[in-house]
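Asker: What follows is a predicted structure for the sequence shown.
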Amino acid sequence: MVLTSAMRIRGHRCFDHIHKNGIRYHSSYMVLRVAQAKSELMKSHKRPYRTNSCRCAVAISSKVSKKSVIRNRFRRTLHEHLKARLSESPKSKEKWALISLKPTCSLEKTNEMLAECDRLLSSAGLFS
């Protein structure tokens, strides 16, 4: 299951908005930023902007791993996890979320990382 483009955040204006206006939630493996969605920042001239679910992005630095294969594995795992958690949650409507992994992540700690992701989502009010 891959995160569909309807849930992804695209464009530097959206990321700038999240960095400037988002509320940060920290854990030992990641940082979650949550901001109110602004539909006018999306480049949606081809299709209308939908607010029925949370849009999210995952940023993984090369400090986590120098190998892009490993970074992409982290990204796919987090996207699948976020889609499963946020697609059914009514609390996450009209929100944008950005998850940035810290260099302390490793593939052996994936279950701990996903548990921390759930804790951050619940403390941000996106998931109960």
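Answerer: Perfect, I can see it now. Everything quoted here is computed from the prediction, not taken from an experiment.
Asker: just the helices in this protein please.
Answerer: 12-21, 68-86, 110-123 (DSSP state H).
Asker: Include distance to Thr104 when you put the ones you listed into CSV, please.
Answerer: Glycine gets a C-beta too; all of them are placed from N, C-alpha and C. CSV is the format used below for the helices of the chain (distance: least, Cβ to Cβ, whole Å):
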stretch, distance to Thr104
helix 12-21, 21
helix 68-86, 12
helix 110-123, 10
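Asker: what would these look like in TSV with mean pLDDT, distance to Lys93 and mean neighbour count?
Answerer: As requested, the helices of the chain are exported to TSV (pLDDT from 0 to 100; distance: least, Cβ to Cβ, whole Å; neighbours: other Cβ atoms under 10 Å):
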stretch	mean pLDDT	distance to Lys93	mean neighbour count
helix 12-21	91	16	15
helix 68-86	91	10	17
helix 110-123	93	14	17
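Asker: For Glu40, see how far away the closest residue to Lys95 other than its chain neighbours is.
Answerer: Nearest residue to Lys95 in three dimensions, chain neighbours excluded: Cys54, at 4.8 Å (Cβ to Cβ, 6 or more residues apart in numbering). Per Cβ to Cβ, to the nearest Å, Cys54 is found 18 Å from Glu40.
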